[in-house]
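Colleague: Could you look at this predicted model? Sequence included:
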Amino acid sequence: MNFQNGKILANTGINSFLAQYRVLELTEEQLTDNLKLKLIGCKKGKHGYSALIRSADCRNIDAKMSDADLESIMVHLERE
């Protein structure tokens, strides 16, 4: 089980949990209003933005995308 602020965040195995998310690296131009609605914990960095997105929501997105690890998930969820 994974917890956040005393609430159960997930009740699955670690691989299933990780598979639910992807990390996006976005430019200012790629950060549309429609996409912002799907992002979790979006943060501005030196070279654009970093955000978490649910795997189910990442179809047809033209941005640098990578597998999420536990640390990146927890960091982005804390920003929410």
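Modeller: Structure's in. What do you need? Residues are numbered from 1 along each chain as shown.
Colleague: residue boundaries of the strands in the protein?
Modeller: According to DSSP state E, the chain carries its strands in the segments 2-4, 7-10, 21-26, 39-45, 48-54, 64-67.
Colleague: Report the central residue of the protein.
Modeller: For the chain, the residue nearest the mean C-alpha position is residue 52 (1.1 Å; C-alpha atoms, centre = their mean).
Colleague: Which residues are in contact with residue 42?
Modeller: Applying C-beta atoms under 8 Å, 6 or more residues apart in numbering to residue 42 gives the contacts 31, 36, 49, 50, 51, 79. Yep, even glycine has a C-beta here, placed from its N, CA and C like the rest.
Colleague: One more: residue 38?
Modeller: Contact analysis of residue 38 by C-beta under 8 Å, 6+ apart lists 53, 54, 57.
Colleague: which of the residues you listed count as buried?
Modeller: Using 16 or more other C-beta atoms under 10 Å as the burial test, those include residue 53 as buried.
Colleague: Please tabulate the contacts of residue 38 in TSV, including the columns pLDDT.
Modeller: Rendered in TSV, the data for those read as follows (pLDDT from 0 to 100):
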residue	pLDDT
53	96
54	94
57	93
